[in-house]
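**Student:** compute the structure for the input listed below.
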Amino acid sequence: MNTTLYTIKIAKVLYQFDEPMLFVGKVGALDSLFLRTDDNEDGAEFISCYLDKRHLEALEDGRLSVRGAFEAQNDIFLLWADRANNVIREDCVTANDVRDKLPERNVGLYSYFGECPDVVEEKGSFLSVYFRGANLSREHIHYSTLMRLLQDVQAVVRSVVLPPQLRGLRSSTVDFLVGDPALGSLMISIKEPTFNLSNINRSRAEKKLTRSEVEAATERSKEEFVNMMSSLVETPRAYLDSLDPETEGELYSTIRSLLPSDDTPFSDVTISTHSGQLTKRVSISKSKAEAVRTTFGDSDGAERRVTGKIVEINAASATVLIRVPMGRVVTCDFTREHFDTLRSDARFRLGGQLQLDGEYWDRVRRGFIAVKAVKFST
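**Tutor:** Residues are numbered from 1 along each chain as shown. Have a look, this model is predicted:
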């Protein structure tokens, strides 16, 4: 005779097909998530884990996948129960032990959610960027990788997501409140921007702004960014054709750090934002990213336009270092004749803004451009 360990008391059915397939049940005083993975006339096999309110709400809101709800827990149980839900066998396992029994990655509770992250996304976050990749697991992530991705997100948000009137301001004036980075893979959620209104208006010569005007402009700019990224990855050629030729290179240089490739520590990235009850998500795979790069002619030695501020001038080697809007430094190589001509121009100085056309090579530490044409910009 089998001994009953405990009886599952179903508290809330999340998904049902003839019988409850995914549900919240009580184990003693604790809520647990149960997933039916196999059954026969004698009973059924379940995977279960304890589930707190935060993870349950995220699952129901589409901010967490079903698989992610299980993988977020330290203890997972594989159990067998009879037809009356009396548990007669229970084993403590790891997520890796039952990986083939769990749903596919990024599958949410309801199909209308679309792709859902495998780690919790902050509720009502201003903007979230979710990186997926084998090198971003919960068990290990290099510090340098974590810092690089945090810096890349910060650079894109400051350069593109913020409205034009707030770009380039110091962090003491405009900053962001972020949630805890969630590992497994990596979720970076910006809860909300923070503003020092006095500093903003001190930097403006034109009409002063109210807090509501700053917040409204930031919300509009965020929506434009998400729509831009959606158009960029879904119809890159049409999007490129719609851009001003004067700014297309600068814009692409700013967002290219979010495009996955064989050289990035992430294989996919999802950008999402919340406006009231509406959630917008843009998912970028390697294949979509490659289509974007091909459209923009992004390969070593390809013609590119780069815009940035001069941070170093080296007369001996006829080179200049500029810092582009996303924060990276690019080495600009001139012919001696071209460089000497530029030195006679008063605008060719530290802090000066340059727009450069030439052949570009991307490098991990510093980009390189063999300059063919120069234009001073403001």
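**Student:** counting neighbours, what do you get for Ser377?
**Tutor:** Around Ser377 sit 15 other residues, with neighbours defined as other Cβ atoms under 10 Å. Every C-beta, even on glycine, is put in place using the N, C-alpha and C of the backbone.
**Student:** care to break the protein down by domain?
**Tutor:** Residue ranges for the domains of the chain, per automatic domain parsing: 6-105, 127-295, 302-377.
**Student:** tabulate the ones you listed (a markdown table), appending distance to Cys116 and mean pLDDT.
**Tutor:** Shown next, in a markdown table, are the domains of the chain (distance: least, Cβ to Cβ, whole Å; pLDDT from 0 to 100):
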| stretch | distance to Cys116 | mean pLDDT |
| --- | --- | --- |
| domain 6-105 | 4 | 90 |
| domain 127-295 | 9 | 86 |
| domain 302-377 | 29 | 87 |
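**Student:** compare these and give me the one nearest Tyr112.
**Tutor:** Closest approach to Tyr112 among those (Cβ to Cβ): domain 6-105, 8.3 Å.
**Student:** how about Thr218, phi and psi?
**Tutor:** Main-chain dihedrals, Thr218, degrees, to the nearest 10: phi -70, psi -40.
**Student:** which elements pack onto the helix or strand where Phe34 lies?
**Tutor:** According to DSSP states H and E, Phe34 maps onto strand 30-40. Counting contacts by 3 or more Cβ pairs under 8 Å, 6 or more residues apart in numbering; DSSP states H and E, strand 30-40 is packed against strand 19-27, strand 43-50, helix 53-61, helix 66-71.
**Student:** distance to Arg83 added to the ones you listed, as TSV?
**Tutor:** Listed next are the helices and strands packed on strand 30-40 as TSV, based on distance: least, Cβ to Cβ, whole Å:
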stretch	distance to Arg83
strand 19-27	10
strand 43-50	6
helix 53-61	26
helix 66-71	24
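**Student:** so of the ones you listed, which one's packed in deepest?
**Tutor:** helix 66-71 (a mean of 24; mean count of other Cβ atoms under 10 Å).
**Student:** just put the domains of the chain in CSV and tack on distance to Glu121.
**Tutor:** As requested, these are exported to CSV (distance: least, Cβ to Cβ, whole Å):
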stretch, distance to Glu121
domain 6-105, 4
domain 127-295, 5
domain 302-377, 24
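**Student:** out of those, which is closest to Val120?
**Tutor:** The closest of the domains of the chain to Val120 is domain 6-105. By Cβ to Cβ, the value is 4.7 Å.
**Student:** surely Thr319 touches Arg336?
**Tutor:** No: with contacts counted by Cβ atoms under 8 Å, Thr319 stays clear of Arg336, the gap being 10.8 Å.
**Student:** which one of the two has more residues nearby?
**Tutor:** Thr319 (16 against 10).
**Student:** run a quick neighbour tally on Ser185.
**Tutor:** Ser185: 24 surrounding residues under other Cβ under 10 Å.
**Student:** so what's Tyr110 up against?
**Tutor:** Counting by Cβ atoms under 8 Å, 6 or more residues apart in numbering, Tyr110 makes contact with Gly62.
**Student:** for it, what are phi and psi?
**Tutor:** Torsion angles, degrees, to the nearest 10, at Tyr110: phi -130, psi 150.
**Student:** so what pLDDT did it get?
**Tutor:** On pLDDT, Tyr110 comes in at 88.
**Student:** do you know which of the helices and strands packed on strand 30-40 lies nearest Glu224?
**Tutor:** Among the helices and strands packed on strand 30-40, helix 53-61 sits nearest to Glu224 (Cβ to Cβ), with 24.6 Å.
**Student:** please save the CA atoms from that closest one in CSV.
**Tutor:** C-alpha atoms of helix 53-61 as CSV (Å, rounded to 0.1, in the frame of the first residue of the first chain):
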residue,chain,number,x,y,z
LYS,A,53,3.4,36.5,-4.9
ARG,A,54,6.0,38.4,-7.0
HIS,A,55,6.6,35.5,-9.4
LEU,A,56,2.9,34.5,-9.6
GLU,A,57,1.9,38.1,-10.5
ALA,A,58,4.7,38.2,-13.1
LEU,A,59,3.5,34.9,-14.6
GLU,A,60,0.0,36.2,-14.8
ASP,A,61,1.0,39.6,-16.3
